[in-house]
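Asker: here is a sequence with its predicted model. Questions after.
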Amino acid sequence: QVQLVESGGGLVQAGGSLRLSCAASGRTFSNYHMAWFRQAPGKEREFVAAISWIGGTTPYADSVKGRFTISRDNAKNTVYLQMNSLKPEDTAVYYCAAGRVFTRQPGYDYWGQGTQVTVSS
């Protein structure tokens, strides 16, 4: 079992930045691929970014490419999502996920509770 706790969400103006963190506990963090998804009101959960278990591969959704950066620190059991040049359409609940299969689909084994990101125009 892996427990995931997100933090770092909040209210920011368009053009601003936030850094989300996801702290993992339980089984060996470095054995899992990690990902961030988001869900806006009335919309399906969508892929944002993922990072392989050793951090060598980092795919991004086209909508965030060049603005968001995913990273991980296996020594701290933490994955991060640095979000720059935020837009109102980035407003959503952001979820951290962990799994043994590296994918853009929401088929990860473990999920956090989510953290709200609101971008005002």
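Answerer: Sure, I can see it.

Asker: show the contacting residues for the residue nearest to the spatial centre of the chain.
Answerer: When the chain is reduced to its mean C-alpha position, the closest residue under Cα atoms, centre = their mean turns out to be Trp36, at 2.5 Å. Contact analysis of Trp36 by Cβ atoms under 8 Å, 6 or more residues apart in numbering lists Leu20, Cys22, Val48, Ala49, Ala50, Ile70, Val79, Leu81, Tyr94, Tyr95, Cys96, Ala97. (Glycine included, C-beta is placed from N, CA and C.)

Asker: and the fifth one, how many neighbours?
Answerer: Counted by other Cβ atoms under 10 Å, the residues lying close to Ala50 total 23.

Asker: quick thing: my sequence starts at 424, can you match it?
Answerer: In the new numbering, first residue 424, that becomes Ala473.

Asker: check which helix or strand covers it.
Answerer: In this structure, Ala473 is located in strand 469-474 according to DSSP states H and E.

Asker: what are the contacting residues of the helix or strand that that strand is followed by?
Answerer: Downstream of strand 469-474, the next assigned helix or strand under DSSP H and E is strand 491-496. The set of residues that contact strand 491-496 without belonging to it, under Cβ under 8 Å, 6+ apart, is 457, 459, 471-474, 478, 481, 483, 501-507.

Asker: what's the spacing between the residue nearest to the centre of the chain and Ser544?
Answerer: Between Trp459 and Ser544 the computed distance is 23 Å (Cβ to Cβ, to the nearest Å).

Asker: list buried residues within the contacts of strand 491-496.
Answerer: Using 16 or more other Cβ atoms under 10 Å as the burial test, the contacts of strand 491-496 include 457, 459, 471-474, 478, 483, 501-504, 506 as buried.

Asker: from the chain's centre, how far out does stretch 513-528 sit?
Answerer: Stretch 513-528 has its C-alpha centroid displaced from the chain centroid by 6 Å (Cα atoms, centre = their mean, to the nearest Å).

Asker: now do the buried residues in it.
Answerer: Buried positions in stretch 513-528, judged by neighbour count with 16+ other Cβ under 10 Å: Asp513, Thr514, Ala515, Val516, Tyr517, Tyr518, Cys519, Ala520, Ala521, Gly522, Phe525.

Asker: burial count for the residue nearest to the first one when sequence neighbours are not counted?
Answerer: The shortest distance from Asp513 to any residue other than its chain neighbours is 5.2 Å, reached at Val542 (Cβ to Cβ, 6 or more residues apart in numbering). Other residues near Val542 number 20, with proximity taken as other Cβ under 10 Å.
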